[in-house]
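Asker: sequence and predicted structure below; questions after.
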There are 2 protein chains.
Amino acid sequence: MDLSRELRYHVTMVAPKPSRTPIDPHSCSIIGAVDALGDVWSILVLRELFLGIRRFNDIQGDLGISRSVLADRLARLVELGVVRTAPYQEPGDRVRHEYRPTRKGVGLLPLLVTLKTWGDEYLNLGVETVRITERESGEDVRLEFRTPSGKQVQPNQLVAQQIPPAVGAGVRRKR
Amino acid sequence: MDLSRELRYHVTMVAPKPSRTPIDPHSCSIIGAVDALGDVWSILVLRELFLGIRRFNDIQGDLGISRSVLADRLARLVELGVVRTAPYQEPGDRVRHEYRPTRKGVGLLPLLVTLKTWGDEYLNLGVETVRITERESGEDVRLEFRTPSGKQVQPNQLVAQQIPPAVGAGVRRKR
């Protein structure tokens, strides 16, 4: 995955007049999303689930996270609706539950792909440790910025902009 | 941005045999990237910078973060090479420094876009608070999964897979 190689240095930024009031999590989807996830453990737990490591003991052993922290984060993710539980039963054992990403959880998959791509590019691990491929072709899959009509956009052609509440409420800015 | 509407429920997951040894940050690009960022404040600081809020006091006022935590996170991001400082001077004032994302920092922009898209879709804020557009056309820009040849891949066609160290070291799996 070589998305990062395509990244250019400059992103055009349109600066709003910075407010002096701390932003409420409910006032911005990015801050709200970060607030909902809580901390980076949630991201690491999602990594496990997307890699097919779905059972409490396996996740706990793999991440080396404490059982209480893992239980807390899984409960948070279930409550948030990004993870659901599904029963399973090993022969001779009682029914247990494993954890699976929901559709809402799959919406966070690009987080993992971004971290993978960025880590592969910049952390000099020397090896690729995770692969994201298309099932049918086995080809590597990467994230690209595209317009709704499918045109690829390089990061240096992006404008990130806050919408002031008065404008954001209802009307979409036209050009 | 309606990327999330295209997300399907199932992602095929290929489960490796889970290891019982906690994963070292150096053994996985995703864990390494999370470890490098440290915590979610780093993500929120990057949000500010991408939105063009680049000065210490402005970021501090906007996020409502303590000065010491912000100074620590900015220093970490600078050390990590995702943020650089640039001098500026207001008339009659001393030279100060503002913070800008580097090329390495721009590689993390998809994190913000994913959180924005996910937040817009699922947090029911009722308004879009951040827009990511193409400068030239003003069109909204979203993230899509694509193969190197440009074919769009839906999330339910993805396979996320850990590469065992022995295989990952050197050889790329062929199909």
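Answerer: Looks like it arrived, so ask away.
Asker: would you state the helices of chain A in chain order?
Answerer: Ranges of helices in chain A, per DSSP state H, are A:3-6, A:29-37, A:40-50, A:56-63, A:67-80, A:103-106, A:109-122, A:165-168.
Asker: out of those, nearest to residue B:152?
Answerer: helix A:109-122 (13.6 Å; Cβ to Cβ). Every residue, glycine included, has its C-beta placed from N, CA and C.
Asker: name the residue closest to the centre of chain A, please.
Answerer: Geometric centre of chain A, nearest residue: residue A:111, 2.7 Å, by Cα atoms, centre = their mean.
Asker: so how far is residue B:40 from that one?
Answerer: 12 Å (Cβ to Cβ, to the nearest Å).
Asker: check residue A:106 too.
Answerer: Counting by Cβ to Cβ, the gap from residue A:106 to residue B:40 is 21 Å.
Asker: and residue A:45, what is it in contact with?
Answerer: Residues near residue A:45 by Cβ atoms under 8 Å, 6 or more residues apart in numbering or on different chains: A:59, A:63, A:70, A:73-74, A:77, A:83.
Asker: ok, the closest residue in space to residue A:105 that isn't next to it in sequence to residue A:49 distance?
Answerer: Distances taken as Cβ to Cβ, 6 or more residues apart in numbering or on different chains put residue A:82 closest to residue A:105, at 3.6 Å, once the chain neighbours are dropped. Residue A:82 sits 9 Å away from residue A:49, going by Cβ to Cβ.
Asker: now do the shared contacts for these two.
Answerer: Jointly contacting residue A:82 and residue A:49 under the rule Cβ under 8 Å, 6+ apart are A:101, A:105.
Asker: just checking, residue A:81 touches residue A:102?
Answerer: Yes - Residue A:81 lies in contact with residue A:102 (Cβ atoms under 8 Å); the separation is 6.0 Å.
Asker: lowest-confidence helix or strand of chain A?
Answerer: The helix or strand of chain A with the poorest confidence is helix A:3-6; it has a mean of 31 (mean pLDDT, DSSP states H and E).
Asker: so where is chain A shaky, pLDDT-wise?
Answerer: In the predicted model, chain A carries pLDDT under 70 at residues A:1-23, A:165-175.
Asker: repeat the analysis, applying 80 as the threshold.
Answerer: A:1-27, A:164-175 (pLDDT under 80).
Asker: one step back: what's the spacing between the residue nearest to the centre of chain A and residue B:46?
Answerer: 13 Å.
Asker: tally up the residues packed near the closest residue to residue A:115 other than its chain neighbours, please.
Answerer: Spatial nearest neighbour of residue A:115, chain neighbours left out: residue B:33 (4.0 Å); criterion: Cβ to Cβ, 6+ apart. Neighbourhood size, residue B:33 [other Cβ atoms under 10 Å in any protein chain shown]: 26.
Asker: follow-up on the earlier one: tell me, what's touching residue A:111 and residue B:46 both at once?
Answerer: In contact with both residue A:111 and residue B:46: residue B:111, using Cβ under 8 Å, 6+ apart.
Asker: what are the phi and psi values at the residue lying farthest from the centre of chain A?
Answerer: Distance from the C-alpha centroid of chain A, by Cα atoms, centre = their mean, peaks at residue A:92 (37.1 Å). Phi and psi for residue A:92, reported as degrees, to the nearest 10, are phi 80, psi 0.
Asker: still on that earlier bit, what's the closest of the contacts of residue A:45 to chain B?
Answerer: Checking the contacts of residue A:45 against chain B by Cβ to the nearest Cβ gives residue A:63 as the nearest, at 6.4 Å.
Asker: tell me the contacts of the closest residue to that closest one other than its chain neighbours?
Answerer: Spatially, and ignoring its direct neighbours in sequence, residue A:63 is nearest to residue A:44 (5.7 Å; Cβ to Cβ, 6+ apart). Residues in contact with residue A:44 (Cβ under 8 Å, 6+ apart) are A:63, A:65, B:30-31, B:34.
Asker: same check on residue A:83?
Answerer: Listed by Cβ under 8 Å, 6+ apart, the contact set of residue A:83 reads A:45-46, A:49, A:74, A:77, A:99-102, A:105.
Asker: got a PyMOL select line for the buried ones in the residues you listed?
Answerer: Selection of the buried residues among these in PyMOL, burial being defined by 16 or more other Cβ atoms under 10 Å in any protein chain shown:
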select buried, chain A and resi 45+46+49+74+77+99+100+101+105
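Asker: lovely, talk soon.
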